[in-house]
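1. I'll drop the sequence and a predicted model, then ask my questions.
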Amino acid sequence: MRLFVALDLPEQVRAALAEWGAQAVDRAGDVLRAVPPENLHLTLAFLGAREEAQAEAIGAIVTTSAGNTCNLSLGAPLWLPPRRPGVLTVEVSDATGALAGLHASVIAAVHAGTEITPEARPFRPHITVARVRRGARISPQHLQKPPSAAFNATALTLYRSIMSPKGARYEPLARRALVGSDALSLRTRPEDSAA
């Protein structure tokens, strides 16, 4: 089972990002494939391939590390990796540091409770909205600004990624609402100016 831990996004944020991603795909032609709205999330930790028997224990560890919600906002578009992009993403800003703290808490809990050592690369909060099609190359292009949104993350979830020729499907295995997540503060404003 391919597992990862993610923050779930409010439906309005997913819808706004899906629309922006679809517009980017339209401009790029058949080089990009949009991520479906239901798959949009903010990854905190990729845990890789794990035995099915481990999933329940990992789910318990992850959900107990859930705490207060994070006040976040959408930032600039970002191609990753920068030199040979494989995905189009939108940066996520964490002005209070709560997201960085939650990330560190999840990593520490998983490492302490299992033999899993999560990825060591620096945490760069983002939401993937489109993927470069297999075998295609894209030059980072001029992009419209993503929607402007300030929001609270709603839940911390352990997901299983199920791959298929049509793309990935994400199955939630364990989820816990973040404290204060019912106090949604969403402001979206389409931007016509270019990034």
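-> All right, it came through fine. Computed from a predicted structure; not experimentally measured.

2. Could you identify the longest helix within the protein?
-> Using DSSP state H, we find that the single longest helix of the chain is helix 11-28.

3. buried sites along stretch 152-162?
-> For stretch 152-162, a neighbour-count test (16 or more other Cβ atoms under 10 Å) marks Asn152, Ala153, Thr154, Ala155, Leu156, Thr157, Leu158, Tyr159, Arg160 as buried. The way it works is simple: take the backbone N, C-alpha and C, and place the C-beta from them, glycine included.

4. which stretches of this protein have low pLDDT?
-> Applying pLDDT under 70 to the chain flags residues 140-142, 181-195.

5. which residues in it form strands?
-> 2-8, 32-34, 42-49, 71-80, 87-93, 126-132, 150-152, 155-162, 169-177 (DSSP state E).

6. dump the residue contacts of the residue most central in space within the chain.
-> For the chain, Leu42 is the residue whose C-alpha lies nearest the centre (Cα atoms, centre = their mean; 2.1 Å). Taking Cβ atoms under 8 Å, 6 or more residues apart in numbering, we find Leu42 in contact with Ala6, Leu7, Leu9, Leu72, Val92, Pro125, His126, Ile127, Ala153.

7. okay if I get those as JSON lines plus distance to Ala49?
-> Below are the contacts of Leu42 laid out as JSON lines (distance: Cβ to Cβ, whole Å):
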{"residue": "Ala6", "distance to Ala49": "17"}
{"residue": "Leu7", "distance to Ala49": "22"}
{"residue": "Leu9", "distance to Ala49": "25"}
{"residue": "Leu72", "distance to Ala49": "29"}
{"residue": "Val92", "distance to Ala49": "26"}
{"residue": "Pro125", "distance to Ala49": "24"}
{"residue": "His126", "distance to Ala49": "23"}
{"residue": "Ile127", "distance to Ala49": "23"}
{"residue": "Ala153", "distance to Ala49": "26"}
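
8. Among the residues you listed, which one lies nearest to Arg137?
-> Of all the contacts of Leu42, Arg137 sits closest to His126, with 20.8 Å by Cβ to Cβ.

9. From Thr157, how far out is the closest one?
-> 17 Å (Cβ to Cβ, to the nearest Å).

10. and Arg121, how many residues sit next to it?
-> By other Cβ atoms under 10 Å, 7 other residues sit near Arg121.

11. actually Pro118, sorry about that
-> For Pro118, using other Cβ under 10 Å, the count is 19.

12. Settle this for me: it is touching Phe46, isn't it.
-> Yes - proximity of Pro118 to Phe46 meets the contact threshold set by Cβ atoms under 8 Å, at 7.1 Å.

13. can you tell me how far the most far-flung residue of the chain relative to its centre sits from Ala104?
-> The centre of the chain is farthest from one residue, Ala53, which by Cα atoms, centre = their mean lies 25.2 Å away. From Ala53 over to Ala104 the distance is 27 Å, taken as Cβ to Cβ.
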